[in-house]
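S.K.: sequence and predicted model, in that order:
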Amino acid sequence: MAATLLPRNDALRTHPGTGDQQLSENGSDWLFTVTTVFGVALLAFWALKYRARAGERFFHYLFIITTFTGLIAYFAMASNLAWSPVRQANSIGHSGVVRQIFWAKYVFWVVAFPAILIALGIIAGIAWATIVYHVALSWVWIIAYLVAAYTPSNYKWGFFAFGFLAHIFLLISTLVHSTSSANRVGIRGDYLALASWVNFLWLIYPLAWGLTDGGNYNGVTGSFIWFGILDLLLVLGTGFAIVFLSRRWDYGRLNIAFTQYGRVPAHPGTYPEKGPAQAAPAAAPAPAGNTSAV
């Protein structure tokens with residue numbers, strides 16, 4: 001009896017797609033590869049946190065959550081889930097084709113981009129208000145791209161322009177204003193290298209989006225080759241660089257030395273729980289002449 005070989009990847013048969021532009025089996029294989037890389041990176045960040053000194057695991061925790069989100073999002077996309085069919089205004093040869101738009105990658109960016117900005121903001125020593133401003137700008141950028149991807153007319157480019165404007169605001173703030181702050185805490189070189197790497201990759205995202213979900217010039221599988229490589233370089237490249245570089249940073253000077261009391265603005269090496277115990281305040285004497293029962 002002839003042996004029957006079962007397919008290794010039956011995601012597209014289990015979850016079939018619809019439309020003219022769909023994810024291919026090779027594309028699903030590639031997405032499962034990216035999923036595996038995120039899974040391995042998740043375990044690596046989790047293991048590395050045990051090598052960090054107590055109170056210096058902030059960046060480990062941040063990128064554990066980010067890679068965990070990437071693992072889930074890419075598993076969903078590799079399984080041909082988390083998408084919607086959207087009619088396209090732009091395509092090669094004719095308009096009106098229906099394309100699979102995977103919203104899971106935008107959900108991942110909503111987590112990943114702010115995580116990168118929080119890490120850069122903490123490193124630079126900027127104010128929390130500025131970090132919140134950066135995170136909000138990243139959400140405006142991503143949500144504008146998501147709305148544009150779901151717009152079946154050329155009005156999508158208006159939303160794209162709004163997102164790109166938010167992107168430019170981020171670029172200026174992280175490369176100009178935050179660099180001067182990083183100079184004050186003594187890690188200007190490390191910060192500038194990290195911020196330049198992040199912004200270089202972020203400049204490729206609009207191009208990739210314009211050729212894929214925006215202009216529909218590259219198919220669904222081709223789009224994931226773009227974004228899979230970009231996401232790996234952005235999240236894992238930046239994450240591992242920060243984790244390893246952070247070993248030589250002064251967490252006290254950066255004001256991120258966490259203690260059992262939380263993030264305490266203290267001098268380097270000063271921790272409240274290591275100070276002398278304070279005596280409990282004496283009870284106040286009862287008012288004279290007050291003998292009434294309570």
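M.R.: Perfect, I can see it now.

S.K.: all strands for the stretch 51-200 of the chain, in order.
M.R.: Secondary structure of the stretch 51-200 of the chain (DSSP state E, counting those that start in this stretch): strands located at 83-87, 98-102.

S.K.: got the angle for the first one vs strand 98-102?
M.R.: Computed by axes from the mean of the first three to the mean of the last three CA atoms, to 10 degrees, the angle separating strand 83-87 from strand 98-102 equals 150 degrees.

S.K.: which regions of this structure lie under the pLDDT threshold?
M.R.: 1-7, 54-55, 90-95, 250, 252-253, 255-294 (pLDDT under 70).

S.K.: picking that back up, out of the strands of the stretch 51-200 of the chain, which gets nearest to F32?
M.R.: Closest approach to F32 among the strands of the stretch 51-200 of the chain (CB to CB): strand 98-102, 14.3 Å. Every C-beta, even on glycine, is put in place using the N, C-alpha and C of the backbone.

S.K.: run through who's touching that closest one.
M.R.: The contact list for strand 98-102, computed with CB atoms under 8 Å, 6 or more residues apart in numbering, reads 17-23, 77, 82-88, 149-150, 213, 216, 220.

S.K.: just the strands of the stretch 51-200 of the chain: most buried one?
M.R.: Highest mean neighbour count of the strands of the stretch 51-200 of the chain: strand 98-102, a mean of 22 (counted as mean count of other CB atoms under 10 Å).

S.K.: hang on, the earlier thing: what's the closest of the strands of the stretch 51-200 of the chain to A41?
M.R.: strand 98-102 (20.8 Å).

S.K.: just checking, what's the longest helix in this protein?
M.R.: helix 25-48 (DSSP state H).

S.K.: which positions within that one qualify as buried?
M.R.: By neighbour count with 16 or more other CB atoms under 10 Å, helix 25-48 contains the buried residues 25, 27-28, 30-32, 34-35, 37-39, 41-42, 44-45, 48.

S.K.: and for the closest residue to G222 other than its chain neighbours, the neighbour number?
M.R.: Distances taken as CB to CB, 6 or more residues apart in numbering put T212 closest to G222, at 7.0 Å, once the chain neighbours are dropped. For T212, the neighbour count with other CB atoms under 10 Å is 23.
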